[in-house]
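Asks: All I have is the shape, not the residue letters:
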């Protein structure tokens, strides 16, 4: 143990002596947390509208006022030409066009029906679907008001009783997307700190030639690896604690579960990440090679981990492949603990999976690393 302690102390001295390493450890992750949580969102606000109102009636004006009073829409253009509105959409200045044809109010009054054309920029299918849902919901609310006014109070009183639906959103009552993103970004930061720093540290020893000096010493292989990985294991846990503090202070994320359980799962997950970093470092000869390989692995694993979309909505083959993705289990555990207040039994499958990953990857990494004179 004394040998491992001295190696750990040497690693901490080396980390804090490297001035270029300190910003990567303490500054970059926090900046990423603040920027990504605010930028990476699926919430649709400030949808740019073009209004083509050929009716110019009180009914059409009341409909338009609904969009004016909503924070989700910004009316960028009023025009009487559908061609002009389409040109603006072609330039990327407009997200959706609401086309109210002539005779709209007359048709509603005489025939109890009116038509509105909605044209949406659907380059991004997800955004287009959400925009369409927002606009149709706004029109549906206005439609109820129109029907009520036309039918009159007597017709409303004689109509069958309507069903009132009250929504209750569990775990995120305010539908705040930041509550969904902060745990995901924290999982990414822990992954990056653990994998990149541990991998680059060992490769840097190769580049400097100091690895050969260590290899000829009587230090055993498990002592050297433990002394190399434990400092970054501690640093990554401190980063997680700092990130949770920032998330609570800046974004007021809910912390419903046990922090002890969260850090226990994180400690187990970091064994997987550190093992991956060590495995990559045994195959790479330069820091540049290690960076390319690690970013390749992280990019695939992070995008398939459910950071933006639910894994259950992915194709069947992707869901099967995702069972081999350790970030998926950790990100799922973090969200369940923080947002749902899940306990040990609730995430037992995730813990067992991470433990298996840690055992296999660390064993493979230690076997791949050869301490030679």
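Replies: That came through fine. Bear in mind that the values here come from a model prediction, so they are computed numbers and not experimental data. Numbers count the residues shown, from 1 in each chain.

Asks: Which positions within the helix or strand encompassing residue 273 qualify as buried?
Replies: Taking DSSP states H and E as the definition, one finds residue 273 inside helix 259-283. Along helix 259-283, these residues count as buried under the neighbour rule (16 or more other Cβ atoms under 10 Å): 261-262, 265-266, 268-282. For the C-beta atoms, the positions are set from N, CA and C on the backbone; glycine is no exception.

Asks: element containing residue 130?
Replies: For residue 130, the element it lies in under DSSP H and E is helix 125-158.

Asks: Same check on residue 49?
Replies: Element membership of residue 49, judged by DSSP H and E, is strand 47-53.

Asks: Now do the helix or strand that comes right after that strand against strand 47-53, angle only.
Replies: Going down the chain from strand 47-53, the next helix or strand is helix 58-68, by DSSP H and E. Interaxial angle, helix 58-68 versus strand 47-53 (axes from the mean of the first three to the mean of the last three Cα atoms, to 10 degrees): 170 degrees.

Asks: For the next helix or strand after helix 58-68, enumerate the helices and strands it packs against.
Replies: Using DSSP H and E, the helix or strand that follows helix 58-68 in sequence is strand 73-79. For strand 73-79, the helices and strands in contact under the criterion 3 or more Cβ pairs under 8 Å, 6 or more residues apart in numbering; DSSP states H and E are strand 47-53, helix 58-68, helix 82-90.

Asks: Let me see the contact set for residue 131.
Replies: With contacts taken as Cβ atoms under 8 Å, 6 or more residues apart in numbering, residue 131 has the following neighbours: 44, 47, 95-96, 120.

Asks: Also residue 201?
Replies: The contact partners of residue 201, taken as Cβ under 8 Å, 6+ apart, are 11, 228, 232, 281.

Asks: ok, 7 Å please
Replies: Taking Cβ atoms under 7 Å, 6 or more residues apart in numbering as the contact definition, residue 201 lies against residue 228.

Asks: Residue 172 too?
Replies: Shown in contact with residue 172 (Cβ under 7 Å, 6+ apart): 179-180, 339.

Asks: Outline the domain layout of the protein.
Replies: Domain segmentation of the chain under automatic domain parsing yields 2-40+173-368, 47-158.

Asks: Relative to residue 166, which of the ones you listed is closest?
Replies: Ranking the domains of the chain by proximity to residue 166 (Cβ to Cβ) places domain 2-40+173-368 first, at 12.6 Å.

Asks: possible to save the helices and strands packed on strand 73-79 as CSV with distance to residue 116, mean neighbour count and mean pLDDT?
Replies: As requested, those are exported to CSV (distance: least, Cβ to Cβ, whole Å; neighbours: other Cβ atoms under 10 Å; pLDDT from 0 to 100):
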stretch, distance to residue 116, mean neighbour count, mean pLDDT
strand 47-53, 10, 21, 90
helix 58-68, 8, 16, 86
helix 82-90, 13, 15, 90
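
Asks: export those to TSV and tack on distance to residue 296?
Replies: Written out in TSV, the entries for the helices and strands packed on strand 73-79 read as follows (distance: least, Cβ to Cβ, whole Å):
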stretch	distance to residue 296
strand 47-53	36
helix 58-68	45
helix 82-90	37
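
Asks: Residue 350: which of those is closest?
Replies: Distances from residue 350 to each of the helices and strands packed on strand 73-79 were compared using Cβ to Cβ; the minimum, 37.3 Å, belongs to strand 47-53.

Asks: how far away is residue 114 from residue 28?
Replies: Counting by Cβ to Cβ, to the nearest Å, the gap between residue 114 and residue 28 amounts to 55 Å.

Asks: Of those two, give the one with the bigger neighbour count.
Replies: Counted by other Cβ atoms under 10 Å, residue 114 and residue 28 do not tie: residue 114 has more neighbours, with 20 against 13.

Asks: how much space between the more buried one and residue 79?
Replies: 20 Å.

Asks: Same check on residue 6?
Replies: Using Cβ to Cβ, we find residue 6 at a distance of 75 Å from residue 79.

Asks: quick one: which of these two has more around it?
Replies: Neighbour comparison, residue 6 and residue 79: the larger count goes to residue 79, with 16 against 13 (by other Cβ under 10 Å).

Asks: what sits opposite the more buried one in the beta ladder?
Replies: Residue 79 has these beta-bridge partners by DSSP bridges: residue 52.

Asks: does it really touch residue 52, like I thought?
Replies: Yes: taking contact to mean Cβ atoms under 7 Å, the distance of 5.8 Å between residue 79 and residue 52 places them in contact.
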